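> Fold the following and give me the result.
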Amino acid sequence: MQIKLSQIAKISLRDQIEFLEKTWSSREIVIFLEDIRKVSGDLKQGKFRQFQKYSSDIRSALIGKKHVRMFFRKENEKQIRILLFFDVLQDPQKIIDLLK
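Below is the predicted model:
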């Protein structure tokens, strides 16, 4: 299975890392990135359904210190698209706007 990042996912990941660089240690950031790789690896192996359901076609996983949620969707049998990295401390209404 192939993993692709949406433009919003790229921007939101960059923003998350910039924020974490101000508040976390380098070691914690490495763990955060390893969590992303682990979830991506599970998705590549086809373990899509093991993650929390957000809507009928979107699932999510908590990563890092469990304050960033990674949203993704199965595009077809060969591809999963990562849609967004979202800090769960933000207003959840923003998710709806960002995932449009």
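> List the contacts of Phe48.
59, 74, 80 (Cβ atoms under 8 Å, 6 or more residues apart in numbering). Placement of C-beta: from N, CA and C, glycine included.
> and if we set it to 10 Å?
Contact partners of Phe48, counting by Cβ atoms under 10 Å, 6 or more residues apart in numbering, are 1, 42, 59, 72-74, 80.
> longest helix anywhere in this protein?
helix 26-44 (DSSP state H).
> burial of Thr50, as a residue count?
Quick fix: residue 50 reads Gln, not Thr. 11 (other Cβ atoms under 10 Å).
> helix, strand or coil for it?
Secondary structure assignment for Gln50 (DSSP: H, G, I helix; E, B strand; the rest coil): coil.
> pretty sure it is touching Ser60, no?
No: contact criterion Cβ atoms under 10 Å: Gln50 and Ser60 do not qualify, at 11.7 Å.
> Need the overlap of contacts for those two.
Common contact partners of Gln50 and Ser60 (Cβ under 10 Å, 6+ apart): Val39.
> could you give the mean pLDDT of the strand or helix carrying Ile96?
Element membership for Ile96, per DSSP states H and E: helix 93-98. Across helix 93-98, pLDDT averages out at 82.
> Need the contact partners of that helix.
6, 8-9, 11-12, 54-55, 58, 60, 69, 71, 83-88, 90-91.
> In helices only, show me the contacts of Phe48.
When those are checked against helices (DSSP H), the matches are Asp42.
> and the contacts of Phe48, which two are the farthest apart?
For the contacts of Phe48, the farthest-apart pair by Cβ to Cβ is Asp42 and Arg73; their separation is 15.1 Å.
> dump the residue contacts of the residue nearest in space to the middle of the chain.
Nearest to the geometric centre of the chain sits Met70, at 1.9 Å (Cα atoms, centre = their mean). Residues near Met70 by Cβ under 10 Å, 6+ apart: 9, 12-13, 16, 35-36, 39-40, 43, 51, 59-64, 82-86.
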